[in-house]
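Asker: here is a sequence with its predicted model. Questions after.
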Amino acid sequence: MSLTADEVKKIAHLARLGIDEQDVVSYAKDLSGMLDLMTQMGDLDTDGVEPMAHPMDQVQRLRPDAVTEQDGRKKFQAIAPQVEAGLYLVPKVIE
């Protein structure tokens, strides 16, 4: 897919990017190359390819799901200016 200079200007406007007029042709070439690559990747047959969470086939180190801290909610809410039904009350800042 080949982008025109007008299409690049429109994309830049929509993305709120300021680009110099002398760079438009270069951007058009680069963006067209990226779109061509995406088209090639979309045409590949990926049936039978297992999805990967990490390209290096590494695993996530896990820790036990255990409580490590005491529940201090009552202590913290005792010093709060306003609390109701276990929730902190704050002034309204957005109307």
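Answerer: Everything's here; your move. Residues are numbered from 1 along each chain as shown.
Asker: for this protein, which segments are assigned as helices?
Answerer: Taking DSSP state H as the criterion, the chain carries its helices at 5-14, 24-43, 73-78.
Asker: residues touching the nearest residue to Ala80 once chain neighbours are set aside, list them.
Answerer: Nearest residue to Ala80, sequence neighbours excluded (C-beta to C-beta, 6 or more residues apart in numbering): Tyr88, at 5.6 Å. Every residue, glycine included, has its C-beta placed from N, CA and C. Taking C-beta atoms under 8 Å, 6 or more residues apart in numbering, we find Tyr88 in contact with 77, 80, 82.
Asker: quick one: Tyr88 from Glu69, how far?
Answerer: In this view, Tyr88 and Glu69 are 19 Å apart by C-beta to C-beta, to the nearest Å.
Asker: correct me, but Tyr27 touches Val8?
Answerer: Yes: assessed by C-beta atoms under 8 Å, Tyr27 is found in contact with Val8 at 5.0 Å.
Asker: of those two, which one has the most company?
Answerer: Val8 (22 against 18; other C-beta atoms under 10 Å).
Asker: quick check, the more buried one in contact with Ser26.
Answerer: No: look at Val8 against Ser26 with C-beta under 8 Å: they stay out of range, at 9.4 Å.
Asker: re the thing from before, closest one to Gln60 among the helices of the chain?
Answerer: helix 24-43 (26.6 Å; C-beta to C-beta).
Asker: ok, and what's touching that closest one?
Answerer: With C-beta under 8 Å, 6+ apart, helix 24-43 has contacts from 1-5, 7-9, 11-12, 19.
Asker: just the residues you listed now: which is nearest Glu50?
Answerer: Met1 (29.9 Å).
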